[in-house]
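K.L.:
no sequence for this one, just the structure:
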């Protein structure tokens, strides 16, 4: 525990440990856990089985190597985005297990600010990763302040060009989140397009031309500025909608359509 936050990769790093690329190793272990405990069709996680698995114990041990990881190893934007998305999603799962969350992450006050990994000399919460790193230190929804000050050393590792498709890839452990996936720098563009397509053609988006109505996930309200404002939201929806009638309605009449915001289901995605 540090500063009333829960450090999940606490513990000594072995004096002798294999010379590995810890980012690649963590991603490999994430892939193994995903294969065994994530249902890619439903986006559900079997947290109970995951908690008691040898693979999760090994993942936790590997997480300690983050304490000696040099984030300057991440040089390109795809490398940064893939690494931080994967780490965010893993941190959420690790936090749910460590805090024995039963029904919803809302059981823990400030869950997303409470759970942290130490990377090098700095600590990163889920909020820090999402808003400070991946969103380029933009304010959280309804937040009054940026998470990082101008002299915060973590600013050196932020992603400079915000890609709003991250909102279809970050998994907050709730039923209204996108399904969890593993992201690789070499395939990132295709994977983010696929994540956007799956989300926009799923249950969180309804386009109803006969009612002149859009029923949208509140993600599009919370992060409207990330998408480029109202017009940017419509353009994003139009880009990925597969139904031609709905897409044409959106592009022709979307600016005049009514919008209803769906309720966000914070029930655990298990």
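P.N.:
Cool, the structure landed. Quick caveat: nothing in here was measured; it's all calculated off a predicted structure.

K.L.:
mind listing what the residue minimising distance to the centre of the chain touches?
P.N.:
Nearest to the mean C-alpha position of the chain, by CA atoms, centre = their mean, lies residue 170 at 1.8 Å. With contact set as CB atoms under 8 Å, 6 or more residues apart in numbering, residue 170 has these partners: 85, 88, 89, 130, 134, 177, 178. In short, each C-beta sits where N, CA and C put it, glycine included.

K.L.:
in the stretch 51-200 of the chain, what spans have low per-residue confidence?
P.N.:
Applying pLDDT under 70 to the stretch 51-200 of the chain picks out no residues at all.

K.L.:
Mind doing that once more with 80?
P.N.:
Across the stretch 51-200 of the chain, the ranges flagged by pLDDT under 80 are 180.

K.L.:
where do the helices sit along it?
P.N.:
54-63, 77-98, 111-114, 126-127, 188-200 (DSSP state H, counting those that start in this stretch).

K.L.:
The second one packs against which elements?
P.N.:
Here helix 77-98 is seen to pack against helix 22-37, helix 47-51, helix 54-63, strand 115-119, helix 126-127, helix 188-200 when contacts are counted using 3 or more CB pairs under 8 Å, 6 or more residues apart in numbering; DSSP states H and E.

K.L.:
and with 6 Å instead?
P.N.:
helix 22-37 (3 or more CB pairs under 6 Å, 6 or more residues apart in numbering; DSSP states H and E).

K.L.:
what residues does the helix it packs on touch?
P.N.:
46, 49, 50, 55, 59, 62, 65, 69, 83, 86, 90, 182 (CB atoms under 6 Å, 6 or more residues apart in numbering).

K.L.:
just how off-centre is stretch 237-249 within its chain?
P.N.:
Put simply, stretch 237-249 sits 25 Å off its chain's centre (CA atoms, centre = their mean, to the nearest Å).

K.L.:
If I look at the residue of the chain most remote from its centre, what pLDDT would I see?
P.N.:
Going by CA atoms, centre = their mean, the residue of the chain most distant from its centre is residue 210, 34.0 Å out. If you check residue 210, the pLDDT there is 96.

K.L.:
Could you report the distance from residue 179 to residue 148?
P.N.:
30 Å (CB to CB, to the nearest Å).

K.L.:
And these two? Which one has more around it.
P.N.:
Using other CB atoms under 10 Å, the more surrounded residue of residue 179 and residue 148 is residue 179, with 20 against 17.

K.L.:
Give the phi and psi angles for that one, as a check.
P.N.:
phi -60, psi 150 (degrees, to the nearest 10).

K.L.:
and residue 158, what does it touch?
P.N.:
133, 136, 137.

K.L.:
related to what we said a few turns ago, do you know how far the residue farthest from the centre of the chain is from residue 259?
P.N.:
16 Å.

K.L.:
need the contact list for residue 195.
P.N.:
Residue 195 is in contact with 168, 169, counting by CB under 6 Å, 6+ apart.

K.L.:
Residue 48 now?
P.N.:
Applying CB under 6 Å, 6+ apart, no residues contact residue 48.

K.L.:
Tell me what residue 115 is bridged to.
P.N.:
Residue 115 has these beta-bridge partners by DSSP bridges: residue 6.

K.L.:
OK, contacts around it?
P.N.:
By CB under 6 Å, 6+ apart, the residues touching residue 115 are 6, 8, 95.
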